[in-house]
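> Sequence first, then the predicted structure:
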Amino acid sequence: MKKLTIITALSLMVTMFLQAQITPKIGMSLSKNNGMEEELLYYPEAKIPFKPGYSIGVGYDIQISDAISLQPNLQYIQKGAKLSVTDEINDYKYSESIDLNYIEMPVLIKFGLGSAKKFFLYGGPSIGYWLNGNFKFSIENTGTGESDTISEKIVFDENSNRAEFSVQLGMGYLIANKILLDVKYGIGLSDIYSSGDIAYKNRVLQLSVGMPFNL
């Protein structure tokens, strides 16, 4: 009985491996930071657009059933935030941009919908590590046109948290069984930085394209 159980388990593992897929992916990230938005609550003229970046990585699909698979991913992704404030009364414009570079490993459950299973829903946790980053700000006198810009690398201190825990939700569509398009939204659960009463968390919209390969 024990040998039969072991053989059955090994057979199941081999079957799951043979049904697995590898999907190289490349895409674009659009990021914000809720802490930066909280800082500027009293500046209604402030603009906080999404900061663009890119991502590159690979997903590994392990088929659990006809409609469900487990998808660990490993990716390099750019996050960050940007803002600009224009004071027309005092003739100045202030701009700030933060680039944050991460190695990230989401582990997602992938649900296939429809008879062909070409439309997918994703969801699951993710852990990331903040590799490095840059901080850039500039101030411009809009009356004279004079400006000054400072750019420097981010120095980690006791208020920085380089490990990030988040949750990702999204959807995807498989075209002609060859090209996978997906969109995911990552919600940071852990603070990456804290200053006073304000805690900073990442918010990332990620658009990507991939090419699945069966093993």
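All right, it came through fine.

> What ranges does this structure have for its helices?
For the chain, the helices defined by DSSP state H occupy 2-18, 34-39.

> From what I see, residue 215 and residue 22 are in contact.
Yes - here residue 215 reaches residue 22: they are 6.6 Å apart, a contact under C-beta atoms under 8 Å. Where you see a C-beta, it was placed from the backbone N, CA and C, and this is true even at glycine.

> Neighbour count for those two, which is higher?
Comparing residue 215 with residue 22 by other C-beta atoms under 10 Å, the one with more neighbours is residue 22, at 14 against 10.

> Report the contact partners of the closest residue to residue 202 other than its chain neighbours.
Closest residue in space to residue 202, ignoring its immediate chain neighbours: residue 188 at 4.0 Å, by C-beta to C-beta, 6 or more residues apart in numbering. Neighbouring residues of residue 188 by C-beta atoms under 8 Å, 6 or more residues apart in numbering: 164-166, 201-204.

> Give the residue spans of this protein that score low on pLDDT.
1-19, 36-45, 88-89 (pLDDT under 70).

> Name all residues that make contact with residue 79.
Counted by C-beta under 8 Å, 6+ apart, residue 79 has contacts 29, 31, 51, 53, 100-102, 202, 204.

> Is there a neighbour count for residue 119? I'd like the number.
Using other C-beta under 10 Å, residue 119 has 13 other residues around it.

> so who does the closest residue to it other than its chain neighbours touch?
In space, and not counting its chain neighbours, residue 119 is closest to residue 113: 4.7 Å by C-beta to C-beta, 6+ apart. Contacts for residue 113 (C-beta under 8 Å, 6+ apart) come out as 67, 119-121.

> quick one: buried residues of stretch 138-154?
Residues of stretch 138-154 classed as buried by neighbour count (16 or more other C-beta atoms under 10 Å): 140, 154.
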